[in-house]
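[1] how would this look folded up:
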Amino acid sequence: MIYDLLILGAGAAGTAAAQLAVKKGLHTAVVDPNPVGGVCLHTGCIPAKVCLQNVFPDMASLDARRNSVIDTLEAGLELRLQGADLFRGKGILCGKTEVFSVRCGGQMLFSRNLLLATGSVPRRNGLSAEDIFTASELPDEAVILGGGAAGLETASYLRRMGKTVTVLEQGERLLSDAEPEVSASLLRSLKRRGITVRFGVTEPPETAAVIYATGRTPVTTGFGLETVGLAAIETNEQMQTSVAGLFAAGDVTGRHCTAHAAIREAECAVRSICGEADAVDYACIPHAVFTDPQAAWVGKTEAAARQCGMQTRTAVVALKSVGGYLAGGGDGAGVCKLVADADGTILGVHGCGGAAAEWIAAGVVLVQQKINARDAARMCFVHPTVSEALREAARMVM
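    Reported below is the predicted structural model:
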């Protein structure tokens, strides 16, 4: 039996690819020794959001809710994977002739195309954010090394649970990829909630529990990639590697370690296999930080646009002027920034506050569809919502 597509990994990328491949009529197999859903479902995104966005009377209630959510979503994933053959074991690539050969346990699998979706692991050994969001007991005092999304989300959760938290960031500000206004807004809010943040620090003290949130490393070894002459994972915009028929998607590419990027990449890979035109535009992949408050952004920053030689127009809206933000409990530090080119075409949307991870979806549409600010200013947004800040920023730009 020869498959049309064999997928190594059943995380966000692997399951998304399998679902689309089956829908398009590809004979598909998924190989993974672990439960479907990967890090995102079992130790990452989903457990983190249960912890961050709910209030529980005790840890036992939190554990029960977290397990219930994971079980429900895992069952749904397995249902949607019907039509694909699922092999519970580690797949090892054994080479390629006319087709790829993969060993899984005591059997050999063959496929015309292969998708590598093996994910990533924390960059440093030790206690990680994943450990905290799946723990039944929490440290009373914690030092978090890293001021990115994982570190700040962990800090927000621990502080919400009444713990003493210090964040150490080696750079000069939080969220170095975000607009400075977003970083400053989030820093003010975190400090108001009692989180200590120190900059220019690379080594933690030895007096408290240390949580490492210093990034992730793609899992590329132990899968036999050398048998097809592949030394490193590099993909084009269609997610194709240098080996014909071998694609990669998700954290293993090292490009954008988020589940939503993994899903977009995986679906692009499947469309490429089917001969359909598609390409991942990484400028349109949104970023979100599920802190309290949330921060999110998509597209170019003002600095990045100018480095590309563009003349820019910008507008910054203080969310304390937006009814939906204040009525919803905003602390007054929120901000929305819009970046446009000289003609008014929207290049980037950036914000902090008011469930920014939700309203940034409108920003994705504005950036990806290259909407002009004058057209955005004529759109009708629901009142009272935080998303009205986008319309106000568009009006200010023009």
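[2] Quick one: classify the residue lying closest to A17 once chain neighbours are set aside as helix, strand or coil.
    Nearest-residue entry for A17: A266, 3.8 Å, with adjacent residues in sequence omitted and distances by C-beta to C-beta, 6 or more residues apart in numbering. Just so you know, the C-beta spots here come from the backbone N, C-alpha and C atoms, and that holds for glycine as well. Secondary structure, DSSP: H, G, I helix; E, B strand; the rest coil: A266 is helix.
[3] For the remainder of this discussion, apply numbering that starts at 228.
    With the count now opening at 228, the last piece we talked about shows up as A493.
[4] who's in contact with A493?
    When contacts are counted by C-beta atoms under 8 Å, 6 or more residues apart in numbering, A493 is found next to A239, A240, G241, A243, A244, L247, L342, A344, M466, A476, G477.
[5] Show me which of those is closest to Q309.
    L247 (13.9 Å; C-beta to C-beta).
[6] residue boundaries of the helices in the chain?
    Ranges of helices in the chain, per DSSP state H, are 239-250, 265-269, 272-279, 286-307, 356-360, 376-387, 407-419, 486-500, 529-534, 550-554, 583-595, 600-603, 615-624.
[7] can you list those helices in CSV and add mean pLDDT and distance to A522?
    Shown next, in CSV, are those (pLDDT from 0 to 100; distance: least, C-beta to C-beta, whole Å):
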stretch, mean pLDDT, distance to A522
helix 239-250, 98, 21
helix 265-269, 97, 20
helix 272-279, 97, 13
helix 286-307, 97, 23
helix 356-360, 96, 16
helix 376-387, 97, 8
helix 407-419, 97, 5
helix 486-500, 98, 15
helix 529-534, 96, 16
helix 550-554, 96, 14
helix 583-595, 98, 6
helix 600-603, 98, 21
helix 615-624, 97, 14
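[8] For C563, find the nearest of these.
    helix 615-624 (3.9 Å).
[9] Only the buried residues of the closest one, if you could.
    Judged by neighbour count (16 or more other C-beta atoms under 10 Å), helix 615-624 contains these buried residues: E615, A616, L617, R618, E619, A620, A621, R622, V624.
[10] Equivalent analysis for stretch 555-566, please.
    G557, D558, A560, G561, V562, C563, K564, L565, V566.
[11] Same check on stretch 589-601?
    Counting neighbours by 16+ other C-beta under 10 Å, the buried set in stretch 589-601 is A589, G590, V591, L593, V594, Q595, I598, N599, A600.
[12] repeat for stretch 439-449
    Y439, A440, T441, R443, P445, V446, T447.
[13] same thing with stretch 273-285?
    Buried residues in stretch 273-285 (16+ other C-beta under 10 Å): I273, P274, A275, K276, V277, C278, L279.
[14] Check stretch 255-274 too.
    In stretch 255-274, counting by 16+ other C-beta under 10 Å, buried: 255-259, 263-274.
[15] circling back to that earlier point, please render the buried residues of stretch 273-285 as a markdown table that adds distance to G580 to the earlier fields.
    Putting the buried residues of stretch 273-285 into a markdown table (distance: C-beta to C-beta, whole Å) gives the following:
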| residue | distance to G580 |
| --- | --- |
| I273 | 23 |
| P274 | 24 |
| A275 | 19 |
| K276 | 18 |
| V277 | 22 |
| C278 | 20 |
| L279 | 15 |
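[16] Would you tell me which one of those residues comes nearest to G310?
    I273 (23.9 Å).
[17] what's the distance between that closest one and T444?
    Look at I273 and T444: by C-beta to C-beta, to the nearest Å, they are 22 Å apart.
[18] Ok, S416 next?
    According to C-beta to C-beta, S416 and T444 sit 30 Å apart.
[19] Distance of the residue nearest to D478 when sequence neighbours are not counted relative to E492?
    Counting by C-beta to C-beta, 6+ apart, S347 is the residue found nearest to D478 once chain neighbours are left out, at 3.6 Å. Note on S347: its distance to E492, by C-beta to C-beta, is 13 Å.
[20] Likewise for P513?
    In terms of C-beta to C-beta, P513 sits 14 Å off from E492.
[21] And the closest residue in space to D508 that isn't next to it in sequence, how close does it get to M466?
    In this structure, D508 finds its nearest non-sequential neighbour in Q595, 7.0 Å apart by C-beta to C-beta, 6+ apart. Distance of Q595 to M466, computed by C-beta to C-beta: 18 Å.
[22] Which residues are in contact with the nearest residue to R400 once chain neighbours are set aside?
    Using C-beta to C-beta, 6+ apart and skipping residues adjacent in sequence, the residue nearest R400 is S410, 4.6 Å away. By C-beta under 8 Å, 6+ apart, the residues touching S410 are R400, L401, L402, S403.
[23] for T444, same thing?
    Here T444 is in contact with S347, V348, P349, R350 (C-beta under 8 Å, 6+ apart).
[24] Tell me how far it lies from L593.
    Taking C-beta to C-beta, one finds T444 at 34 Å from L593.
[25] next one: C331
    Distance from C331 to L593, by C-beta to C-beta: 45 Å.
[26] picking up where we left off before, wait, doesn't the residue nearest to D508 sit right on I512?
    No - taking contacts as C-beta atoms under 8 Å, Q595 lies outside contact range of I512: 9.7 Å.
[27] Domains in the protein, by residue range?
    229-349+443-510, 356-439, 520-624 (automatic domain parsing).
[28] What is the end-to-end distance of the first one?
    The straight-line separation of the ends of domain 229-349+443-510 (C-alpha to C-alpha, to the nearest Å) is 37 Å.
[29] Likewise for stretch 523-542?
    First-to-last distance for stretch 523-542 - C-alpha to C-alpha - comes to 16 Å.
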